[in-house]
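Student: Let me see the structure of the following:
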Amino acid sequence: MGKLIGIDLGTTKSCAAVYQNGAPVLIPNREGSRMTPSVVVFAGNKRLVGQAAVRQAESQAQRDPGRTVRSIKREMGTSARVRIDGHLYSPPEISAMILRQLREDAEEYLGEPVEAVLTVPAYFTDAQRQATRDAATIAGLTVRQIINEPTAAALAFGVNHEPVSRVMVYDLGGGALDVSVLDVRDKQIKVLATAGNSRLGGDDIDRVFCELLMRRAFAACGRDLSGDPRAVQLLSRAAEKAKIALSSETETKVSVQLPTGGKDFFLFETVVTRQEFEQLIRPLIEMTMEPVRQVLADSHLRPEEIGKVLMVGGCTRIPAVRNSLRLLMGQEPFTGDDPDGCVAAGAALWAAALAGELNGPTLLDVAPLTLGIETMGGVFSPIIPRNTTIPVRKTAVYTTAANFQTSVEIKVYQGERQMTRGNRLLGCFKLTGLKRAPRGMVQIAVTFAIDASGMVQVTARDLATGRTQDIVITAYGNLSRQEVERAVRDAQMYAREDHARKQLAASRDAAEALLGQLGELRRRELPREDRRKLDEAEKRLRRAMKGQDAENIRRAGDLLSDEINRMFYLY
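Tutor: Now for the predicted structure:
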């Protein structure tokens with residue numbers, strides 16, 4: 001077992017945290033930053049992650065923008081694939097590259113292996129949760145538990161230390177919106193209701209802002225740039241930077257070199273005011289208020305009955321977002337000092353509680369969406385309603401729909417529509433060996449069990465014979481076990497290649513340092529034979545450095561080092 005840490009795998013930024021000296025600490029990455037951009041770039045035979053990927057993406061934006069993958073979290077739990085060099089990468093595989101870097105950075109920082117508590121949006125479906133767990137498996141990361149992001153944020157804000165309170169957590173990040181109402185009392189945090197939108201966040205604000213810049217660029221140069229991937233990427237980055245600037249300034253200037261065809265570019269400049277920006281994104285902000293109204297209705301509470309409103313996520317820095325929530329709730333929302341890192345910090349606190357390092361609260365989360373099965377005519381039969389407290393186990397009894405059936409197919413769905421065609425198919429399995437009997441005579445008990453991480457298991461049992469069949473939902477469109485195993489092998493192969501590149505870089509650095517010592521030594525009076533030996537050792541090392549064999553460079557370096565040390569001692 002390794003050190004247990006908390007990880008927030010975000011849409012635009014990710015981070016890890018650990019409990020140290022009585023408090024959660026955000027773990028710096030290899031570049032010294034606490035936040036790692038959730039960006040992957042394929043550059044030749046290398047895969048860059050984080051800030052290195054951002055730099056590479058900006059440098060190749062003019063040439064090859066299609067080799068950059070952003071916001072992959074939005075595709076988790078879907079059958080989407082990213083094609084790079086003829087290879088199709090699934091969302092869990094891309095996410096695994098980000099998780100692997102977070103894991104490696106944490107292990108480097110702590111000096112020991114790590115395991116993790118992972119966070120996901122509360123409104124994530126079972127398919128999305130399973131995809132997140134698959135990503136961790138591919139990354140070689142053991143997951144002790146998955147908890148919801150609003151719950152983690154509430155822990156970071158210390159609500160568990162309050163005697164009795166009802167708290168709303170409004171989490172608006174780069175890719176998803178989560179709103180939860182929590183009841184806090186007697187060292188217990190119970191989620192009363194949760195709602196949200198897993199495809200609404202900062203990315204959408206950037207998109208509409210980019211469209212505005214695209215229209216202004218069209219007016220400036222007379223050319224529609226929406227079909228040019230290079231221009232779209234450049235304007236998207238400009239929109240993101242301008243959005244951040246307008247959180248603290250009343251206006252900002254956008255300046256970017258845009259392609260006009262071939263190798264020609266023109267300088268596009270425009271000024272955007274905060275008022276223009278807020279008017280542009282007003283419909284999106286209003287969309288984020290709908291889940292707020294929904295959780296109030298589901299928890300049977302009025303705004304004035306909420307004791308505290310917590311705001312989490314980078315988009316909560318936008319003044320118009322804070323103002324809208326304040327008007328709706330009738331109180332000033334509390335944002336804290338670090339809306340980006342508080343989810344990872346809360347996950348680290350829960351990790352410490354699981355590890356026995358502190359006396360943590362009891363967490364009682366809820367199922368975000370209704371779970372059930374399909375019955376005759378495509379009707380959705382709910383078994384676990386949404387906002388049911390988890391862990392939970394519920395059973396419903398069904399019967400056969402046709403005479404002399406010897407098997408039944410159990411189709412598992414998640415959603416709120418009365419007909420299954422409006423809900424999401426999570427998986428299906430067959431219960432065979434039923435006794436031949438008229439319809440309605442055979443009784444089948446279907447049991448749904450959801451664990452503390454929100455993972456679902458479904459079991460069907462023939463009450464007459466006791467025959468059972470079950471399925472751990474792995475979600476339609478997600479990776480099969482074989483695909484996960486193949487992805488693990490691929491990740492390990494790339495890990496070996498990455499390690500080899502690091503070894504080569506380290507060998508070259510050591511060799512350069514040795515060569516740097518030669519200057520002082522050559523200024524000394526050396527016998528001709530010793531100078532010849534030194535020259536030969538230097539040539540041997542320089543020849544080795546032209547190759548790609550780290551061990552060969554190391555051996556040649558050792559020979560030169562021996563000569564240098566001997567001569568420094570003698571002369």
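Student: In the stretch 151-300 of the chain, where is pLDDT below threshold?
Tutor: 164, 261-263 (pLDDT under 70).
Student: which residue ranges form the helices in the protein?
Tutor: Taking DSSP state H as the test, the helices found in the chain are 51-59, 91-110, 126-138, 149-156, 202-221, 229-245, 274-298, 319-329, 342-354, 481-522, 528-545, 550-570.
Student: Need the mean per-residue confidence for the second one.
Tutor: By that I understand helix 91-110. On average, the pLDDT along helix 91-110 is 95.
Student: before we move on, what about the first one?
Tutor: When the per-residue pLDDT values of helix 51-59 are averaged, the result is 82.
Student: From Ile146, how far off is Lys363?
Tutor: I think there's a mix-up here, since residue 363 is Leu and not Lys. In this structure, Leu363 lies at 12 Å from Ile146, with C-beta to C-beta, to the nearest Å as the measure. C-beta coordinates here come from the backbone N, C-alpha and C atoms, glycine included.
Student: Next: Gln188.
Tutor: Distance from Gln188 to Ile146, counting by C-beta to C-beta: 20 Å.
Student: And the two? Which one has more around it.
Tutor: Using other C-beta atoms under 10 Å, the more surrounded residue of Gln188 and Ile146 is Ile146, with 23 against 13.
Student: Return the residues in contact with the residue nearest to that one when sequence neighbours are not counted.
Tutor: Using C-beta to C-beta, 6 or more residues apart in numbering and skipping the chain neighbours, the partner closest in space to Ile146 is Ser453 (3.9 Å). Counting by C-beta atoms under 8 Å, 6 or more residues apart in numbering, Ser453 makes contact with Arg129, Arg133, Val143, Gln145, Ile146, Ile147.
Student: Now Val442: closest residue in space that isn't a chain neighbour?
Tutor: In this structure, Val442 finds its nearest non-sequential neighbour in Thr400, 4.7 Å apart by C-beta to C-beta, 6+ apart.
Student: So what sits opposite the residue nearest to Gly341 when sequence neighbours are not counted in the bridge?
Tutor: Closest residue in space to Gly341, ignoring its immediate chain neighbours: Leu26 at 5.0 Å, by C-beta to C-beta, 6+ apart. Leu26 has these beta-bridge partners by DSSP bridges: Ala17.
Student: before we move on, what about the one 10 residues further on?
Tutor: Per DSSP bridges, the residues bridged to Thr36 are Ser14.
Student: How many residues are close by it?
Tutor: Residues lying near Thr36 (other C-beta under 10 Å) number 27.
Student: My read is that it contacts Glu104, right?
Tutor: No - with contact defined as C-beta atoms under 8 Å, Thr36 does not count as touching Glu104 (10.9 Å).
Student: what sits against Gly360?
Tutor: Contact partners of Gly360, counting by C-beta under 8 Å, 6+ apart, are Leu155, Asn160, Leu349, Trp350, Ala352, Ala353, Leu354.
Student: Give me the phi and psi for it.
Tutor: Main-chain dihedrals, Gly360, degrees, to the nearest 10: phi -90, psi 170.
Student: Check the gap between it and Asn160 for me.
Tutor: For Gly360 relative to Asn160 (C-beta to C-beta), the value is 8 Å.
Student: And Pro121, by the same measure?
Tutor: According to C-beta to C-beta, Pro121 and Asn160 sit 21 Å apart.
Student: Between those two, which is the more surrounded one?
Tutor: Taking neighbours as other C-beta under 10 Å, Pro121 and Asn160 compare with Pro121 leading, 29 against 21.
Student: The more buried one: what's its closest spatial neighbour, skipping adjacent residues?
Tutor: Of all residues not flanking Pro121 in the chain, Ala176 sits nearest, at 4.4 Å (C-beta to C-beta, 6+ apart).
Student: Name all residues that make contact with the one you found.
Tutor: Thr11, Lys73, Arg74, Pro121, Tyr123, Phe124, Gly196, Asn197, Ser198, Arg199, Leu200, Gly201.
Student: Am I right that the second one is in contact with Val39?
Tutor: No - using C-beta under 8 Å, Lys73 is not in contact with Val39; the gap is 11.6 Å.
Student: So for those two, which sits in the more crowded spot?
Tutor: With neighbours defined as other C-beta under 10 Å, Lys73 and Val39 compare such that Lys73 has more, 31 against 26.
Student: rewinding a little: switch the helices of the chain over to a markdown table; also include distance to Thr335.
Tutor: Formatted as a markdown table, the helices of the chain follow (distance: least, C-beta to C-beta, whole Å):
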| stretch | distance to Thr335 |
| --- | --- |
| helix 51-59 | 25 |
| helix 91-110 | 25 |
| helix 126-138 | 26 |
| helix 149-156 | 11 |
| helix 202-221 | 15 |
| helix 229-245 | 15 |
| helix 274-298 | 15 |
| helix 319-329 | 7 |
| helix 342-354 | 9 |
| helix 481-522 | 37 |
| helix 528-545 | 52 |
| helix 550-570 | 48 |
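Student: What pLDDT is listed against the residue nearest to Ile146?
Tutor: 76.
Student: Now stretch 105-119: buried residues?
Tutor: Asp105, Ala106, Glu107, Tyr109, Leu110, Val114, Glu115, Ala116, Val117, Leu118, Thr119 (16 or more other C-beta atoms under 10 Å).
Student: Quick check: the last one vs Tyr19, distance?
Tutor: When distance is defined by C-beta to C-beta, Thr119 is 15 Å away from Tyr19.
Student: Equivalent analysis for the fifth one, please.
Tutor: Distance, Leu110 to Tyr19, using C-beta to C-beta: 11 Å.
Student: Overlap of the contact sets of those two?
Tutor: Common neighbours of Leu110 and Tyr19 (C-beta under 8 Å, 6+ apart) do not exist.
Student: circling back: closest to Thr465 out of the contacts of Gly360?
Tutor: Checking those against Thr465 with C-beta to C-beta, the nearest one is Leu354 at 40.4 Å.
Student: hang on, that closest one packs against Val117?
Tutor: Yes - at 6.8 Å, Leu354 and Val117 qualify as touching, with contact defined as C-beta under 8 Å.
Student: Need the overlap of contacts for the two.
Tutor: Leu4, Arg144, Gln145.
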